[in-house]
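Chemist: Have a look; sequence and predicted model below, questions after that.
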Amino acid sequence: MDEILRRIESAYGSLSEPHFGFIASGLEARPYAPLMEEVGQVFQVEDDTDPDDDHGFMYGLDREGRRWVLTISLVGPYAAFARLGKSWDTILTATVPGLLEEERWLINKLSSAGLKLLTREEMEQPVNLNLFNADPGTVRVYQALFTDTSILPWDKETLQRLGLI
């Protein structure tokens, strides 16, 4: 976890007064385009990246009626991969039991590309980063690495309470 926190602080320059310039240049450079071309040979890929809120790339993946989300950070070599239902139903890593063949394939591709898939526990760790859309003191590693949103995408209780699912 220390390495993740060091990368967050290094990327933003400051936790209290973060700089976001690296995001626009990273999005424009598209460093994972070759990887996503390979992924597109197995999955239908939809780029859902929002340059105003995301700190990396957000992809919707489909295959034979199943849906997933893949997000790749510009902060460091980190990714999150989850099965989708109404929200992120299962966050996937190599150690999750019952992985489907195409999930194992993608996890291996991400690892070969030097990306570390994060667990829910890692992504829920607090970080004292000042983000626009998150209340002070509530920012988690997920928000610092992937997107400036106040709700974690697997928090079904909050999503239901707000009528989002």
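Modeler: That came through, no problem. Numbering: from 1, shown residues only.

Chemist: And M1, how far from S111?
Modeler: Remark: distance between M1 and S111 (Cβ to Cβ, to the nearest Å) = 19 Å. (Glycine included, C-beta is placed from N, CA and C.)

Chemist: ok, P34 - how many residues close by?
Modeler: Other residues lying near P34 total 10 when counted by other Cβ atoms under 10 Å.

Chemist: cool, F57 as well?
Modeler: Residues lying near F57 (other Cβ under 10 Å) number 23.

Chemist: Ok, the one 5 residues further on next?
Modeler: By other Cβ under 10 Å, the residues close to D62 number 13.

Chemist: Might you report the residue contacts of it?
Modeler: F43, Q44, E46, W68 (Cβ atoms under 8 Å, 6 or more residues apart in numbering).

Chemist: With neighbour numbers in mind, choose between M1 and S111.
Modeler: Shown here are M1 and S111; by other Cβ under 10 Å, S111 has more neighbours (13 against 10).

Chemist: ok so that one is a helix residue?
Modeler: Yes - under DSSP: H, G, I helix; E, B strand; the rest coil, S111 falls within a helix.

Chemist: for L117, what are its contacts?
Modeler: With Cβ under 8 Å, 6+ apart, L117 has these contacts: Y78, A79, A80, F81, L92, T93, A94, I107, L110, S111.

Chemist: How about the secondary structure of the nearest residue to the third one once chain neighbours are set aside?
Modeler: It stands for A80. Once flanking residues are discounted, A80 sits nearest to T71: 4.9 Å by Cβ to Cβ, 6 or more residues apart in numbering. The local conformation at T71, judged by three-state DSSP, is strand.
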